[in-house]
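J.: With the sequence up front, the predicted model follows.
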Amino acid sequence: MPEVALVGKTNVGKSTLFSALTMLPVKIEARPFTTIRPNVGIAYLKVKCVCRELGVKDNPRNSICRDGVRYIPVKIIDLAGLIPGAHEGRGLGNKFLDEMREADGIIHVVDASGSTDAEGRPCPPGSHDPLLDVEMIEREVDLWIFGMLRQDWAKIARSVEHGKLSVEEAVSSRLSGLKISIKHVRETLEKLDLRSKKLGAWSEETLLTFVKHLFRIAKPFVIAANKCDLPESVNNVRRLKEVYGDDVVIPCSAEAELALRRAAEKGLIEYTAGDSKFKIANREKLTREQLKALELIKQRVLDVWGSTGVQEVLNTTYFKRLNMIPVYPVADPDSLTDSEGNVLPDVYLVPRGTTARELAYIIHTELGESFIYAIDARKKVRLGEDSVLNENDVISIVAAKRVKRK
Ligand SMILES: Nc1nc2c(ncn2[C@@H]2O[C@H](COP(=O)(O)OP(=O)(O)O)[C@@H](O)[C@H]2O)c(=O)[nH]1
Ligand SMILES: [Mg+2]
(Lines give C-alpha, C1' and ligand atoms only; values in the text may rest on other atoms or scores of the structure.)
(Ligands and ions follow the chains in the order given, each with its own letter.)
Protein backbone atom coordinates (compact mmCIF):
# COMPACT_ATOMS: atom_id res chain seq x y z
CA MET A 1 0.00 0.00 0.00
CA PRO A 2 1.29 3.53 -0.73
CA GLU A 3 2.60 5.26 2.34
CA VAL A 4 2.88 8.90 3.36
CA ALA A 5 4.49 10.45 6.46
CA LEU A 6 3.43 13.50 8.46
CA VAL A 7 6.47 15.46 9.52
CA GLY A 8 6.84 18.72 11.37
CA LYS A 9 7.64 20.43 14.61
CA THR A 10 5.80 19.65 17.83
CA ASN A 11 2.38 21.30 18.31
CA VAL A 12 1.74 22.25 14.71
CA GLY A 13 -1.25 19.87 14.48
CA LYS A 14 0.18 16.62 13.09
CA SER A 15 -1.83 14.40 15.42
CA THR A 16 -5.00 16.38 14.80
CA LEU A 17 -4.46 16.03 11.05
CA PHE A 18 -3.75 12.31 11.51
CA SER A 19 -7.00 11.88 13.49
CA ALA A 20 -9.02 13.75 10.88
CA LEU A 21 -7.50 11.87 7.95
CA THR A 22 -7.88 8.44 9.52
CA MET A 23 -11.57 8.84 10.37
CA LEU A 24 -13.68 6.98 7.86
CA PRO A 25 -14.82 9.40 5.17
CA VAL A 26 -18.16 7.61 4.78
CA LYS A 27 -20.34 5.34 6.89
CA ILE A 28 -19.75 1.68 6.11
CA GLU A 29 -20.91 -1.49 7.81
CA ALA A 30 -17.62 -3.34 8.26
CA ARG A 31 -14.41 -1.40 8.36
CA PRO A 32 -12.08 -3.17 5.93
CA PHE A 33 -8.89 -1.42 6.94
CA THR A 34 -8.03 -0.78 10.54
CA THR A 35 -5.50 1.28 12.41
CA ILE A 36 -2.16 -0.50 12.39
CA ARG A 37 -0.41 1.15 15.34
CA PRO A 38 -1.35 4.24 17.33
CA ASN A 39 0.65 6.44 14.97
CA VAL A 40 0.09 4.43 11.80
CA GLY A 41 -3.34 4.44 10.19
CA ILE A 42 -5.25 4.43 6.96
CA ALA A 43 -6.32 7.61 5.19
CA TYR A 44 -8.36 7.82 2.01
CA LEU A 45 -7.75 9.54 -1.27
CA LYS A 46 -10.95 10.77 -2.86
CA VAL A 47 -11.48 10.42 -6.62
CA LYS A 48 -14.39 10.23 -9.01
CA CYS A 49 -15.07 6.53 -9.61
CA VAL A 50 -15.49 5.22 -13.16
CA CYS A 51 -18.60 3.19 -12.20
CA ARG A 52 -21.19 5.81 -13.23
CA GLU A 53 -19.55 6.61 -16.53
CA LEU A 54 -19.50 2.88 -17.31
CA GLY A 55 -23.07 2.44 -16.07
CA VAL A 56 -22.31 -0.33 -13.59
CA LYS A 57 -22.89 -0.98 -9.91
CA ASP A 58 -19.51 -1.89 -8.44
CA ASN A 59 -18.34 -4.10 -5.55
CA PRO A 60 -14.95 -2.68 -4.55
CA ARG A 61 -12.53 -4.93 -2.69
CA ASN A 62 -9.41 -2.86 -2.10
CA SER A 63 -11.22 0.48 -1.77
CA ILE A 64 -14.64 1.98 -1.03
CA CYS A 65 -17.18 3.47 -3.46
CA ARG A 66 -19.99 5.68 -2.28
CA ASP A 67 -22.26 7.80 -4.50
CA GLY A 68 -19.87 7.51 -7.42
CA VAL A 69 -16.85 8.53 -5.36
CA ARG A 70 -13.95 6.10 -4.88
CA TYR A 71 -12.00 6.23 -1.63
CA ILE A 72 -8.53 4.72 -2.01
CA PRO A 73 -6.71 3.71 1.17
CA VAL A 74 -3.14 4.81 1.81
CA LYS A 75 -1.00 4.22 4.87
CA ILE A 76 -0.26 7.32 6.89
CA ILE A 77 2.28 7.75 9.69
CA ASP A 78 2.21 10.44 12.36
CA LEU A 79 5.88 10.93 13.20
CA ALA A 80 7.30 12.24 16.44
CA GLY A 81 7.79 16.03 16.36
CA LEU A 82 11.13 17.11 14.99
CA ILE A 83 13.30 19.72 16.68
CA PRO A 84 16.54 21.44 15.64
CA GLY A 85 19.47 19.03 16.11
CA ALA A 86 17.41 15.91 15.43
CA HIS A 87 19.89 14.60 12.87
CA GLU A 88 22.43 14.30 15.71
CA GLY A 89 19.95 12.23 17.66
CA ARG A 90 18.50 15.09 19.68
CA GLY A 91 14.94 14.47 20.90
CA LEU A 92 13.33 11.60 19.04
CA GLY A 93 15.47 12.33 16.00
CA ASN A 94 16.64 8.85 15.10
CA LYS A 95 13.29 7.20 15.68
CA PHE A 96 11.72 9.91 13.58
CA LEU A 97 14.07 9.50 10.68
CA ASP A 98 13.81 5.72 10.85
CA GLU A 99 10.04 5.78 10.57
CA MET A 100 10.17 8.06 7.57
CA ARG A 101 12.25 5.62 5.52
CA GLU A 102 9.41 3.77 3.86
CA ALA A 103 7.33 6.80 2.91
CA ASP A 104 6.72 7.56 -0.77
CA GLY A 105 5.93 11.15 -0.01
CA ILE A 106 5.90 13.59 2.85
CA ILE A 107 3.26 15.90 4.26
CA HIS A 108 5.13 18.67 5.95
CA VAL A 109 2.82 20.20 8.54
CA VAL A 110 3.51 23.77 9.62
CA ASP A 111 1.63 26.12 11.91
CA ALA A 112 0.78 28.82 9.39
CA SER A 113 -0.67 31.02 12.12
CA GLY A 114 2.79 31.34 13.67
CA SER A 115 1.60 30.40 17.15
CA THR A 116 4.34 27.88 18.01
CA ASP A 117 7.98 28.90 18.49
CA ALA A 118 11.08 27.22 16.99
CA GLU A 119 11.06 24.46 19.62
CA GLY A 120 7.31 23.87 19.38
CA ARG A 121 6.16 25.85 22.41
CA PRO A 122 2.93 27.87 22.10
CA CYS A 123 3.43 31.60 21.48
CA PRO A 124 1.07 34.42 20.41
CA PRO A 125 -0.30 33.98 16.85
CA GLY A 126 1.79 35.80 14.26
CA SER A 127 4.95 35.86 16.38
CA HIS A 128 6.83 32.95 14.75
CA ASP A 129 7.68 32.67 11.06
CA PRO A 130 6.59 29.26 9.66
CA LEU A 131 9.04 29.57 6.76
CA LEU A 132 11.81 29.02 9.29
CA ASP A 133 10.20 25.71 10.26
CA VAL A 134 10.14 24.44 6.71
CA GLU A 135 13.84 25.27 6.45
CA MET A 136 14.60 23.63 9.81
CA ILE A 137 12.96 20.34 8.88
CA GLU A 138 14.61 20.30 5.46
CA ARG A 139 17.99 20.95 7.05
CA GLU A 140 17.58 18.16 9.59
CA VAL A 141 16.61 15.61 6.99
CA ASP A 142 19.34 16.70 4.56
CA LEU A 143 22.04 16.55 7.24
CA TRP A 144 20.89 13.13 8.31
CA ILE A 145 21.23 11.64 4.83
CA PHE A 146 24.42 13.61 4.25
CA GLY A 147 25.82 11.99 7.40
CA MET A 148 24.92 8.51 6.17
CA LEU A 149 26.64 9.04 2.83
CA ARG A 150 29.69 10.92 4.08
CA GLN A 151 30.52 8.14 6.50
CA ASP A 152 30.83 5.62 3.68
CA TRP A 153 31.83 7.95 0.88
CA ALA A 154 35.41 6.68 0.47
CA LYS A 155 34.12 3.12 0.27
CA ILE A 156 31.40 4.04 -2.20
CA ALA A 157 33.94 5.92 -4.36
CA ARG A 158 36.31 2.93 -4.38
CA SER A 159 33.66 0.44 -5.43
CA VAL A 160 32.82 2.70 -8.36
CA GLU A 161 36.44 3.28 -9.33
CA HIS A 162 37.17 -0.44 -9.33
CA GLY A 163 34.30 -0.81 -11.75
CA LYS A 164 32.34 -3.03 -9.39
CA LEU A 165 29.29 -0.79 -9.29
CA SER A 166 27.90 2.17 -11.20
CA VAL A 167 27.49 5.41 -9.26
CA GLU A 168 23.72 4.86 -9.26
CA GLU A 169 24.07 1.36 -7.85
CA ALA A 170 26.60 2.32 -5.21
CA VAL A 171 24.63 5.33 -3.91
CA SER A 172 21.18 3.79 -4.09
CA SER A 173 22.28 0.59 -2.38
CA ARG A 174 23.66 2.62 0.53
CA LEU A 175 20.28 4.38 0.74
CA SER A 176 18.08 1.43 -0.24
CA GLY A 177 16.35 1.35 3.15
CA LEU A 178 15.07 4.81 2.30
CA LYS A 179 13.29 3.73 -0.87
CA ILE A 180 15.74 5.77 -2.92
CA SER A 181 16.15 4.08 -6.27
CA ILE A 182 18.71 3.94 -9.08
CA LYS A 183 16.32 6.10 -11.10
CA HIS A 184 16.24 8.79 -8.41
CA VAL A 185 20.05 8.85 -8.23
CA ARG A 186 20.40 9.02 -12.01
CA GLU A 187 17.92 11.89 -12.28
CA THR A 188 19.81 13.83 -9.60
CA LEU A 189 23.24 13.27 -11.19
CA GLU A 190 21.91 14.51 -14.50
CA LYS A 191 20.14 17.49 -13.03
CA LEU A 192 23.32 18.64 -11.28
CA ASP A 193 25.62 17.68 -14.15
CA LEU A 194 27.70 15.46 -11.87
CA ARG A 195 28.03 12.47 -14.17
CA SER A 196 31.58 13.04 -15.28
CA LYS A 197 32.96 14.03 -11.89
CA LYS A 198 34.82 11.33 -9.95
CA LEU A 199 33.16 10.57 -6.62
CA GLY A 200 36.46 10.82 -4.78
CA ALA A 201 36.78 14.42 -6.00
CA TRP A 202 33.41 15.60 -4.69
CA SER A 203 33.67 18.27 -2.00
CA GLU A 204 31.46 18.07 1.08
CA GLU A 205 29.47 20.95 -0.35
CA THR A 206 28.84 19.05 -3.57
CA LEU A 207 27.72 16.03 -1.58
CA LEU A 208 25.30 18.14 0.47
CA THR A 209 23.84 19.74 -2.65
CA PHE A 210 23.47 16.29 -4.17
CA VAL A 211 21.66 15.01 -1.08
CA LYS A 212 19.28 17.98 -1.08
CA HIS A 213 18.23 17.41 -4.66
CA LEU A 214 18.14 13.63 -4.33
CA PHE A 215 15.83 13.75 -1.35
CA ARG A 216 13.40 16.13 -3.02
CA ILE A 217 13.27 13.93 -6.11
CA ALA A 218 12.88 10.69 -4.12
CA LYS A 219 10.41 11.98 -1.54
CA PRO A 220 8.16 14.70 -2.92
CA PHE A 221 6.45 16.77 -0.26
CA VAL A 222 3.49 19.07 0.25
CA ILE A 223 3.32 21.74 2.91
CA ALA A 224 0.11 21.53 4.93
CA ALA A 225 -0.24 25.13 6.09
CA ASN A 226 -2.31 24.28 9.16
CA LYS A 227 -4.35 26.41 11.56
CA CYS A 228 -5.66 28.44 8.64
CA ASP A 229 -8.75 29.15 10.74
CA LEU A 230 -6.65 31.76 12.55
CA PRO A 231 -6.53 35.09 10.68
CA GLU A 232 -2.75 35.42 11.16
CA SER A 233 -2.30 32.52 8.72
CA VAL A 234 -3.52 34.44 5.65
CA ASN A 235 -0.31 36.39 5.18
CA ASN A 236 1.92 33.38 5.92
CA VAL A 237 0.07 31.17 3.43
CA ARG A 238 0.75 33.79 0.78
CA ARG A 239 4.45 33.97 1.73
CA LEU A 240 4.80 30.18 1.76
CA LYS A 241 3.18 29.98 -1.68
CA GLU A 242 5.55 32.60 -3.03
CA VAL A 243 8.53 30.46 -2.04
CA TYR A 244 7.25 26.90 -2.61
CA GLY A 245 4.43 27.34 -5.14
CA ASP A 246 0.67 26.80 -5.30
CA ASP A 247 0.99 23.08 -5.95
CA VAL A 248 3.05 22.54 -2.83
CA VAL A 249 1.41 24.74 -0.19
CA ILE A 250 -2.10 23.72 0.84
CA PRO A 251 -3.82 25.81 3.52
CA CYS A 252 -5.81 23.63 5.91
CA SER A 253 -7.50 23.46 9.26
CA ALA A 254 -7.10 20.02 10.78
CA GLU A 255 -9.16 21.01 13.81
CA ALA A 256 -12.10 22.13 11.67
CA GLU A 257 -11.98 18.95 9.59
CA LEU A 258 -11.88 16.78 12.69
CA ALA A 259 -14.89 18.61 14.15
CA LEU A 260 -16.85 18.27 10.90
CA ARG A 261 -16.07 14.56 10.47
CA ARG A 262 -17.06 13.89 14.08
CA ALA A 263 -20.33 15.80 13.73
CA ALA A 264 -21.07 13.95 10.49
CA GLU A 265 -20.33 10.61 12.11
CA LYS A 266 -22.86 11.37 14.83
CA GLY A 267 -25.42 12.33 12.20
CA LEU A 268 -25.54 15.96 13.34
CA ILE A 269 -24.52 17.33 9.96
CA GLU A 270 -24.26 16.14 6.39
CA TYR A 271 -20.65 16.50 5.30
CA THR A 272 -18.10 14.54 3.32
CA ALA A 273 -14.38 15.19 3.43
CA GLY A 274 -13.38 17.81 0.90
CA ASP A 275 -16.82 19.46 0.67
CA SER A 276 -17.07 23.22 0.56
CA LYS A 277 -20.13 23.22 2.82
CA PHE A 278 -22.07 21.16 5.31
CA LYS A 279 -25.76 20.92 6.05
CA ILE A 280 -27.18 20.81 9.53
CA ALA A 281 -29.18 17.60 9.69
CA ASN A 282 -30.70 17.88 13.09
CA ARG A 283 -30.77 21.33 14.63
CA GLU A 284 -32.58 20.20 17.81
CA LYS A 285 -29.80 17.78 18.69
CA LEU A 286 -27.11 20.47 18.61
CA THR A 287 -26.23 22.49 21.70
CA ARG A 288 -25.82 26.24 21.39
CA GLU A 289 -22.03 25.85 21.69
CA GLN A 290 -21.97 23.26 18.91
CA LEU A 291 -24.00 25.52 16.63
CA LYS A 292 -21.64 28.38 17.36
CA ALA A 293 -18.58 26.22 16.66
CA LEU A 294 -20.04 25.11 13.34
CA GLU A 295 -20.85 28.69 12.42
CA LEU A 296 -17.25 29.67 13.14
CA ILE A 297 -15.94 26.87 10.94
CA LYS A 298 -18.13 28.17 8.14
CA GLN A 299 -17.03 31.79 8.60
CA ARG A 300 -13.33 31.27 9.29
CA VAL A 301 -12.52 28.26 7.17
CA LEU A 302 -15.05 27.28 4.49
CA ASP A 303 -16.00 30.84 3.44
CA VAL A 304 -12.35 31.96 3.44
CA TRP A 305 -10.57 28.96 1.89
CA GLY A 306 -13.32 27.00 0.11
CA SER A 307 -12.82 23.85 2.20
CA THR A 308 -10.90 22.71 5.27
CA GLY A 309 -8.09 21.73 2.87
CA VAL A 310 -7.44 18.41 4.61
CA GLN A 311 -8.60 16.15 1.80
CA GLU A 312 -6.75 18.35 -0.65
CA VAL A 313 -3.51 17.88 1.27
CA LEU A 314 -3.68 14.13 0.73
CA ASN A 315 -4.93 14.25 -2.87
CA THR A 316 -2.29 16.81 -3.84
CA THR A 317 0.45 14.64 -2.36
CA TYR A 318 -0.45 11.68 -4.55
CA PHE A 319 -1.85 13.20 -7.71
CA LYS A 320 0.21 16.35 -8.13
CA ARG A 321 3.46 15.68 -6.28
CA LEU A 322 3.91 11.92 -6.58
CA ASN A 323 2.22 12.10 -9.97
CA MET A 324 0.19 8.93 -9.50
CA ILE A 325 -2.89 7.98 -11.49
CA PRO A 326 -5.71 5.58 -10.60
CA VAL A 327 -6.23 2.56 -12.87
CA TYR A 328 -8.77 -0.26 -12.52
CA PRO A 329 -7.50 -3.77 -13.32
CA VAL A 330 -10.21 -6.34 -14.11
CA ALA A 331 -10.02 -10.00 -15.13
CA ASP A 332 -12.92 -9.85 -17.60
CA PRO A 333 -13.00 -6.81 -19.91
CA ASP A 334 -16.70 -7.32 -20.77
CA SER A 335 -18.27 -7.77 -17.36
CA LEU A 336 -15.53 -5.60 -15.71
CA THR A 337 -15.18 -8.18 -12.95
CA ASP A 338 -12.51 -10.16 -11.17
CA SER A 339 -12.60 -13.95 -11.30
CA GLU A 340 -15.18 -13.97 -8.51
CA GLY A 341 -17.61 -11.66 -10.26
CA ASN A 342 -16.87 -8.48 -8.32
CA VAL A 343 -17.42 -5.45 -10.54
CA LEU A 344 -14.48 -2.99 -10.63
CA PRO A 345 -12.96 -4.68 -7.58
CA ASP A 346 -9.68 -2.82 -7.38
CA VAL A 347 -8.17 0.52 -8.06
CA TYR A 348 -4.38 0.80 -8.20
CA LEU A 349 -2.31 3.92 -7.85
CA VAL A 350 0.52 3.81 -10.36
CA PRO A 351 3.08 6.43 -11.44
CA ARG A 352 2.03 8.37 -14.54
CA GLY A 353 3.88 6.80 -17.46
CA THR A 354 3.36 3.21 -16.25
CA THR A 355 3.02 0.77 -19.15
CA ALA A 356 0.60 -2.12 -19.52
CA ARG A 357 3.32 -4.64 -18.74
CA GLU A 358 4.56 -2.68 -15.73
CA LEU A 359 1.02 -2.73 -14.35
CA ALA A 360 0.99 -6.50 -14.80
CA TYR A 361 4.19 -6.69 -12.74
CA ILE A 362 2.70 -4.45 -10.05
CA ILE A 363 -0.31 -6.76 -9.76
CA HIS A 364 1.76 -9.94 -9.68
CA THR A 365 5.30 -10.84 -10.79
CA GLU A 366 4.07 -13.89 -12.67
CA LEU A 367 1.47 -11.83 -14.48
CA GLY A 368 4.25 -9.51 -15.63
CA GLU A 369 6.51 -12.37 -16.67
CA SER A 370 3.87 -14.19 -18.69
CA PHE A 371 2.24 -11.02 -20.08
CA ILE A 372 0.94 -11.39 -23.66
CA TYR A 373 -1.14 -8.25 -24.15
CA ALA A 374 -3.62 -6.06 -22.29
CA ILE A 375 -7.13 -4.95 -23.18
CA ASP A 376 -8.48 -1.46 -22.68
CA ALA A 377 -11.93 -2.47 -21.41
CA ARG A 378 -13.51 0.86 -22.25
CA LYS A 379 -12.41 0.98 -25.88
CA LYS A 380 -12.18 -2.81 -26.30
CA VAL A 381 -8.80 -2.55 -27.96
CA ARG A 382 -5.58 -4.48 -27.44
CA LEU A 383 -2.62 -2.77 -25.84
CA GLY A 384 0.97 -3.88 -26.32
CA GLU A 385 3.42 -4.15 -23.46
CA ASP A 386 4.79 -0.63 -23.96
CA SER A 387 1.41 1.13 -24.09
CA VAL A 388 1.36 3.89 -21.53
CA LEU A 389 -1.71 3.81 -19.30
CA ASN A 390 -4.02 6.76 -18.79
CA GLU A 391 -5.83 8.02 -15.73
CA ASN A 392 -8.91 5.87 -14.94
CA ASP A 393 -8.10 3.21 -17.50
CA VAL A 394 -9.91 -0.08 -16.96
CA ILE A 395 -7.41 -2.75 -17.94
CA SER A 396 -7.52 -6.49 -18.37
CA ILE A 397 -4.20 -8.33 -18.62
CA VAL A 398 -3.97 -11.39 -20.82
CA ALA A 399 -1.11 -13.64 -19.72
CA ALA A 400 0.14 -17.14 -20.42
CA LYS A 401 -0.27 -18.07 -16.79
CA ARG A 402 -3.43 -17.54 -14.81
CA VAL A 403 -2.60 -15.96 -11.49
CA LYS A 404 -4.77 -15.19 -8.55
CA ARG A 405 -4.70 -11.59 -7.42
CA LYS A 406 -2.56 -10.87 -4.38
N1 LIG B 1 -6.49 26.83 15.65
C2 LIG B 1 -6.12 25.58 15.33
N3 LIG B 1 -5.49 24.81 16.23
C4 LIG B 1 -5.14 23.57 15.87
C5 LIG B 1 -5.40 23.05 14.57
N6 LIG B 1 -4.92 21.79 14.50
C7 LIG B 1 -4.39 21.53 15.71
N8 LIG B 1 -4.53 22.58 16.54
C9 LIG B 1 -4.11 22.68 17.95
O10 LIG B 1 -2.69 22.66 18.03
C11 LIG B 1 -2.26 21.95 19.21
C12 LIG B 1 -1.30 20.85 18.84
O13 LIG B 1 -1.98 19.87 18.06
P14 LIG B 1 -1.40 18.40 17.84
O15 LIG B 1 -2.24 17.77 16.81
O16 LIG B 1 -1.29 17.68 19.14
O17 LIG B 1 0.05 18.76 17.29
P18 LIG B 1 1.34 17.83 17.06
O19 LIG B 1 2.23 18.00 18.24
O20 LIG B 1 1.98 18.40 15.84
O21 LIG B 1 0.88 16.43 16.88
C22 LIG B 1 -3.54 21.45 19.87
O23 LIG B 1 -3.91 22.35 20.89
C24 LIG B 1 -4.56 21.47 18.75
O25 LIG B 1 -5.87 21.63 19.21
C26 LIG B 1 -6.09 23.91 13.63
O27 LIG B 1 -6.37 23.54 12.48
N28 LIG B 1 -6.40 25.15 14.07
MG1 LIG C 1 1.48 14.70 17.87
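T.: Nice, I can see it. Ligands and ions are numbered 1, 2, ... in the order given.

J.: correct me, but residue 243 touches residue 131?
T.: Yes. The criterion here is C-beta atoms under 8 Å, and residue 243 meets it with residue 131 at 6.6 Å. For every residue, glycine as well, the C-beta is placed using N, CA and C.

J.: who's more crowded, the two?
T.: Higher neighbour count among residue 243 and residue 131: residue 131, with 18 against 12, using other C-beta atoms under 10 Å.

J.: for ligand 2, what are the nearby residues on the chain?
T.: Taking C-beta under 5 Å from the ion as the test, the list of the chain residues beside ligand 2 reads 14-15.

J.: Any residues of the chain in contact with ligand 1? List them.
T.: Residues of the chain that fall close to ligand 1, judged by C-beta under 6 Å from any ligand atom: 8, 10-16, 81, 226-227, 229-230, 253-255.

J.: Name the next helix or strand downstream of the longest helix anywhere in the chain, please.
T.: Longest helix of the chain, by residue count under DSSP state H: helix 130-161. Note on helix 130-161: by DSSP states H and E, the next helix or strand toward the C-terminus is helix 167-174.

J.: now that next one against helix 130-161, angle please.
T.: Interaxial angle of helix 167-174 relative to helix 130-161 (axes from the mean of the first three to the mean of the last three C-alpha atoms, to 10 degrees): 120 degrees.

J.: could you point out which element follows helix 167-174?
T.: Later in the chain than helix 167-174, the nearest helix or strand by DSSP H and E is helix 182-191.

J.: what's next to that following helix, contact-wise?
T.: Helix 182-191 is contacted from outside by 167-169, 171-172, 194-195, 210, 213-214, 217-218, using C-beta atoms under 8 Å, 6 or more residues apart in numbering.

J.: What residues sit buried inside it?
T.: 184-189 (16 or more other C-beta atoms under 10 Å).

J.: Could you do stretch 264-279 as well?
T.: Using 16+ other C-beta under 10 Å as the test for burial, stretch 264-279 gives 264, 268-269, 271-274, 278.

J.: where exactly do the strands run in the stretch 151-300 of the chain?
T.: With DSSP state E, counting those that start in this stretch as the criterion, the stretch 151-300 of the chain has strands at 221-226, 249-251, 269-270, 279-280.

J.: deepest of those strands, which one?
T.: Comparing those by mean neighbour count (mean count of other C-beta atoms under 10 Å), strand 221-226 comes out on top with a mean of 29.

J.: Just list the residues touching the residue of the stretch 301-406 of the chain found nearest ligand 2, thanks.
T.: Of all residues in the stretch 301-406 of the chain, residue 310 sits closest to ligand 2, at 15.7 Å by C-beta to the ion. When contacts are counted by C-beta under 8 Å, 6+ apart, residue 310 is found next to 17, 20-21, 252-254, 257, 273-274.
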